[in-house]
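*Asks:* sequence and predicted structure below; questions after.
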Amino acid sequence: MGKILLDRAEKIAEAIVAKLKPYCKKIEVAGSIRRRQPWVKDIDICLIPSDPWNLHHEIKGMGQVRISGNKIMRVMVGSEQVDLYFADETTWATLFLIRTGSTENNIRLCLRAKQRGWHLAADGSGLFNEAGQRIAGDSEQSIYEALGLPYQEPWERK
């Protein structure tokens, strides 16, 4: 499994989104495709299921399922790895932020939270203060704002 050009990855991702959309409340491409990187190693998609049974059936029909859990499914679609991340209305924005990356940006956000005694949950549950109260996570912007950082568009997240 090597890297693929962005335009090819986008076409694959768009086809997957179109196939799964009827079974989702929300579905969006994340990862390096959303960050507009010229080369992509895998395809990351975040979704909120509306019809889990048919969604699961459709995913299994796309290719070999390598990982299957409540929060992630990894499927080989041809020779390309597709990671599907499952969210709900509460976890959507934080999960979408984390799964968009980059790794360096996620580390920067988590360190900033830690410096304040807070925790940015990688599972998408949100940004929590030292008392364990959720203080941000309804939007990507809310997390940047709570951390005192200017919002960065996905393609700016290096």
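*Replies:* Yes, it's here.

*Asks:* how close does the residue nearest to Pro38 when sequence neighbours are not counted get to Lys21?
*Replies:* For Pro38, ignoring the flanking residues on the chain, the nearest one in space by CB to CB, 6 or more residues apart in numbering is Leu6 at 5.5 Å. Glycine gets a C-beta too; all of them are placed from N, C-alpha and C. Distance, Leu6 to Lys21, using CB to CB, to the nearest Å: 21 Å.

*Asks:* picking up where we left off before, how close does the residue nearest to Pro38 get to Glu89?
*Replies:* Counting by CB to CB - Leu6 and Glu89 are separated by 30 Å.

*Asks:* who's more crowded, the two?
*Replies:* Ranked by neighbour count (other CB atoms under 10 Å), Leu6 and Glu89 place Leu6 first, with 16 against 10.

*Asks:* contacts only, for the more buried one.
*Replies:* Contact analysis of Leu6 by CB atoms under 8 Å, 6 or more residues apart in numbering lists Ser32, Ile33, Arg36, Gln37, Pro38, Trp39, Val40.

*Asks:* tell me the pLDDT at the nearest residue to Glu10 once chain neighbours are set aside?
*Replies:* Spatial nearest neighbour of Glu10, excluding adjacent residues (CB to CB, 6+ apart): Ile33 at 5.9 Å. Model confidence at Ile33, given as pLDDT, is 98.

*Asks:* isn't Gly126 right up against Ala136?
*Replies:* Yes. Using CB atoms under 8 Å, Gly126 is in contact with Ala136, at 6.3 Å.

*Asks:* re the thing from before, quick one: which of the contacts of Leu6 is nearest Gly2?
*Replies:* Lowest distance from Gly2 to the contacts of Leu6 (CB to CB) belongs to Trp39, with 9.0 Å.

*Asks:* wait, doesn't Ile143 sit right on Phe128?
*Replies:* No. Between Ile143 and Phe128 there is no contact under CB under 8 Å: 11.1 Å.

*Asks:* what about the two, which has more around it?
*Replies:* More crowded of Ile143 and Phe128, by other CB under 10 Å: Ile143, with 24 against 18.

*Asks:* about what we covered before: and the gap between the residue nearest to Pro38 and Tyr144?
*Replies:* As for Leu6, its distance to Tyr144 is 25 Å (criterion: CB to CB).

*Asks:* so for this structure, the centremost residue is which one?
*Replies:* Geometric centre of the chain, nearest residue: Arg99, 3.1 Å, by CA atoms, centre = their mean.

*Asks:* between Gly126 and Ala136, what contacts are shared?
*Replies:* Ile143.

*Asks:* fine, thanks again, bye for now.
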